[in-house]
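Enquirer: Sequence and predicted structure below; questions after.
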Amino acid sequence: MPSLILSRRDLDFLLHEWLDVESLTKRPRFTEHSRETFDAVLDLAEQIATDHFAPHNRTADLNEPRMVDGKVEMIPEVKKALTVFTDAGLMAGSFDEEYGGMQLPHTVGQAVFAWFKAANVGTSAYPFLTMGNARLLLAHGSQEQIDTYVRPELEGRWFGTMALSEPQAGSSLADITTRAVPQDDGTYRLTGNKMWISGGDHELTENIVHLVLAKIPGGPPGVKGISLFIVPKFLVNDDGSLGERNDVVLAGLNHKMGYRGTTNTLLNFGEGVHTPGGQAGAVGYLVGEQHRGLTYMFHMMNEARIGVGVGATVLGYTGYLHALEYARTRTQGRPAAAKDPASKPVPIVEHADVRRMLLTAKSYVEGGMALGLYCARLVDEEQTAENEADRARAHLLLDMLTPIAKAWPSQWGPVADDLAIQVHGGYGYTRDYPVEQFYRDNRLNPIHEGTQGIQSLDLLGRKVVMQGGSGLALLGETITAATARAAGTEWAGFAADIDAAVARMGAVTATLWGAGDPAVTLANSHVYLEAAGHLVVAWLWLEQALATGTADSDFHQGKRQAARFFWRWELPRVHHRFDLLESLDRTVLDTPDRWL
Amino acid sequence: MNIVVLVKQVPDSGSERKLDPADNTVARASADNVINEMDEYAIEEALLVRDREGGEVTVLTVGPDSATDAIRKALSMGADKAVHVVDDAIHGSCAVQTSGVIAAALQQLEYDLVLCGAEATDAQLSVMPALVAERLNIPQLSGARKLTVEGGMAKIERQTDGGYWAVEAPLPAIVSTWDTINEPRYPSFKGIMAAKKKPVETKTLADLGLDAGSVGLANATSKVLDFAGRPPKGEGVKVVDEGDGAQKFVDFLASQKIV
Ligand SMILES: Cc1cc2nc3c(=O)[nH]c(=O)nc-3n(C[C@H](O)[C@H](O)[C@H](O)COP(=O)(O)OP(=O)(O)OC[C@H]3O[C@@H](n4cnc5c(N)ncnc54)[C@H](O)[C@@H]3O)c2cc1C
Ligand SMILES: Cc1cc2nc3c(=O)[nH]c(=O)nc-3n(C[C@H](O)[C@H](O)[C@H](O)COP(=O)(O)OP(=O)(O)OC[C@H]3O[C@@H](n4cnc5c(N)ncnc54)[C@H](O)[C@@H]3O)c2cc1C
């Protein structure tokens, strides 16, 4: 039976029939790879996700981690699954051979990890965070920091966290108050509270490597005064063994709507519960230079945000696959034209309205998967393209697409899960079926890693105007290069509609920025993000339709039908949004708080 | 210690399996082909014995080109090398003929221990270990749930319905394994990369000194005369509880010979 976690057929289509990832194996970094190794590692991911991640997805949801005597207790299946994961070499997979990795292209790596997120997002968060943490240290840490912290992380012996948020500062990191005071020996002592830290404490690994944003007293105000520190739970001796307990302690666990398998913590730094070196204060090691912490963090944010987008997509994807399976087996009602009440009820997939829901969900999740893998391919281009110009181009396009790659799936992935519940009728609303959990789990994605509102400000406030608008221009060129390829095919009409939307986006952006008042320009940024996202995904549906060529299997015909659906049903929605934006609508801006 | 594992590629038992109406043989081209599940236990056991005793594990497969996928998987789990017997003439061979090919291939290898799964999920004949043992004139220890190798002897616990038999034989011997014997490892990412570089030797019937007339559908010792699909699922039986529900339920189970 085909998996209900993800569709391997679709991944193969996207990776090979469309993105041609095998061509990457000609590049020096990937010469050891081939279609065979890509296939084998995807097989491995599916197998481990099926055997060790999916089975405890519900168990973890029903048994949230608990704090007992200051320690976190959780179900044992989590550790077992993560041990299998790291033993198979999947933690290190995309990293350099030098660090025990296999130099898997990022594109394939995203597809591999997608299996784990779709099977069990709560458990997969631990390696997700650890890999992000390791990547950041590899890019900005010293060799000594890499040897001390990254190696054990990639061996799965230590896990990592990203500690940015504070109780009073989530979206606005400029307002963090955690302080880092320099010491004579070159280390720092940190004091403050960090809120929402995923994987912030647990007994899964012998040590935890926190990457913490904090301010050094006397530094510049706002984001320009934020530095990045390594704060290990246990200090590390010169020989790599564990030393004293650092002064970072678990203050409490958050009880969440979803993602319940991931411990989510409030951490206190420097309150003197432990006194490393005989002194209160959490010992921290500066990463890179002072005051550049947020820049380092954001450097890695592109990849992290694509990862969050893929997570939102695949939670919707698994919901869709479950709904499809249900719709094929649940019988209810008769075709609209059936006259005989004694005729047999039909599977609900026969009802046009149920097919509407399934096709909508299909167009969102397969569109989101295309978006995620396209962006991952840009990461590979950015890092390994043969010439500097291509690398720079990929970097610019990726920068431009990142808010969309994070926010579009975070908005529409949960809608796919909502539709999956709807297809299940009353059963979808119960805990006897998994779709309600997928929905709850997915509801986090529009919130963390920068809320939708923050992503929309990033897109309209920064990305479309950066470098004199060259990011927006490059996106336009990239899209119209695809629409040009559709000339003379059955997709010419779709291409023309996309071209028209691209032109409108340019015009609307100019109108918005010509308003002369940033408050007016940015007031409806979310609507702009939605329109841009739908336009980008329409383009990626055109790409997929073109990639099917003349193949006429059910799979390929289904791809084309979903492309037609997105063209007729979804793309037109951008115009309503552009209308609103073009009119510089002030309804929201001019609504005083007291009227709400 | 030289260990040879017999590995077969079969259509995935989790998907719908078909016979090819043209010649009543298993339709392999359209199927989702995987390593025979029981063989994964044999591979794991071979790796465990090798890791204890030293030596090499060779995978031996008789099958079409596509069977390389099964070989790669065994190599990525940790086997050292492989021999793949491929010859169009073998298509449609019966178990007796196939055992001749396997025995001939084994005779060109050095082996102290031959391991195989207790059955293949496609035909479920469970005769291969006995046929190969007979042809090579070596002992067979079948249906192992535990294996130890020491002092030139292989000792197994042969699984039975009520318990086990302790059986032993001098090496070289052939041992077939059940899924109770171990928990097969996953291939590792390192293993996958390493597998690409491991030697896979392909052999034809001629290389084995066999005559095409000794194999193939036309000369098979058994023939599939006819086959039919599984009948569609009928309506379920509805038991209405009129105070005698329990009795009706028991009667139903009895009528199905379940109790
Ligand atoms: C389950 C979970 C896991 C998390 N894991 C981590 C982690 O591992 N590490 C970490 O550092 N953080 C983590 N976070 C924190 C997360 O990143 C923040 O919750 C998020 O950034 C939002 O911050 P906030 O919760 O303080 O909301 P607020 O910033 O208070 O935002 C509330 C609302 O106001 C809007 N808003 C705020 N400012 C603006 C603005 N300037 N313009 C327009 N709208 C605005 C937001 O869009 C949002 O809708 C996690 C959160 C959750 C729930
Ligand atoms: C919390 C809860 C409380 C409830 N309370 C009550 C109660 O107090 N009393 C009571 O009697 N019932 C109650 N219900 C039942 C509720 O009314 C049904 O769940 C609802 O009518 C849907 O029926 P179903 O669940 O069998 O889904 P189905 O009928 O199986 O529907 C599944 C999907 O198929 C679609 N579908 C089905 N038939 C057609 C068709 N002909 N054409 C197009 N689409 C179709 C549906 O729209 C739905 O998306 C409750 C349900 C819940 C979840």
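Expert: Sure thing, it's come through. Ligands and ions are numbered 1, 2, ... in the order given.

Enquirer: Model confidence at residue 124, what's the number?
Expert: Answering for chain A, as no chain was given. A:Ser124 is assigned 98 on the pLDDT scale.

Enquirer: Chain B was what I was after
Expert: Per-residue confidence (pLDDT) for B:Gln124: 80.

Enquirer: Flag every buried residue along stretch A:314-331.
Expert: By neighbour count with 16 or more other C-beta atoms under 10 Å in any protein chain shown, stretch A:314-331 contains the buried residues A:314-324, A:326-327, A:330. Heads up, the C-betas are built off the backbone N, CA and C, glycines and all.

Enquirer: tell me which of those is nearest to B:Lys197?
Expert: Nearest to B:Lys197 out of the buried residues of stretch A:314-331 is A:Val314 (C-beta to C-beta; 33.1 Å).

Enquirer: Pretty sure the closest one sits against A:Asn120.
Expert: No. The pair A:Val314 and A:Asn120 fails to qualify as a contact (C-beta atoms under 8 Å) at a distance of 11.0 Å.

Enquirer: Now the closest residue to ligand 1 within chain B, what are its backbone angles?
Expert: Closest to ligand 1 within chain B is B:Phe189: 26.4 Å, counting by C-beta to the nearest ligand atom. Torsion angles at B:Phe189 (phi, psi; degrees, to the nearest 10) stand at phi -60, psi -40.

Enquirer: tally of neighbours for it?
Expert: Using other C-beta atoms under 10 Å in any protein chain shown, B:Phe189 has 26 other residues around it.

Enquirer: Next up, the contacts around it.
Expert: B:Phe189 sits next to A:Val41, A:Leu44, A:Ala88, A:Gly89, A:Leu90, A:Ala92, A:Gly93, A:Met102, A:Leu104 when contact means C-beta atoms under 8 Å, 6 or more residues apart in numbering or on different chains.

Enquirer: Would you point out the most distant pair within these?
Expert: Most distant of the contacts of B:Phe189, by C-beta to C-beta, are A:Leu44 and A:Ala92, 13.6 Å apart.

Enquirer: got a list of what A:Thr191 touches?
Expert: Counting by C-beta under 8 Å, 6+ apart, A:Thr191 has contacts A:Thr178, A:Arg179, A:Val181, A:Phe269, A:Gly270, A:Glu271, A:Gly281, A:Ala282.

Enquirer: what bridges to the second one?
Expert: Looking back up the chat, that one is A:Arg179. Per DSSP bridges, the residues bridged to A:Arg179 are A:Thr191, A:Lys215.

Enquirer: Likewise for the last one?
Expert: For A:Ala282, the beta-bridge assignment (DSSP bridges) gives partners A:Leu190.

Enquirer: That one reaches A:Leu190, doesn't it?
Expert: Yes. Between A:Ala282 and A:Leu190 there is a contact under C-beta under 8 Å: 4.3 Å.

Enquirer: which secondary structure elements does the helix or strand of chain A with the lowest mean pLDDT contact?
Expert: In chain A, no helix or strand scores lower on mean pLDDT, DSSP states H and E than helix A:293-329, which sits at a mean of 94. Counting by 3 or more C-beta pairs under 8 Å, 6 or more residues apart in numbering or on different chains; DSSP states H and E, the packing neighbours recorded for helix A:293-329 are helix A:106-119, helix A:121-140, strand A:207-215, strand A:226-232, helix A:352-384, helix A:388-423, helix A:435-442.

Enquirer: what's the pLDDT at A:Phe85?
Expert: At A:Phe85, the model reports a pLDDT of 97.
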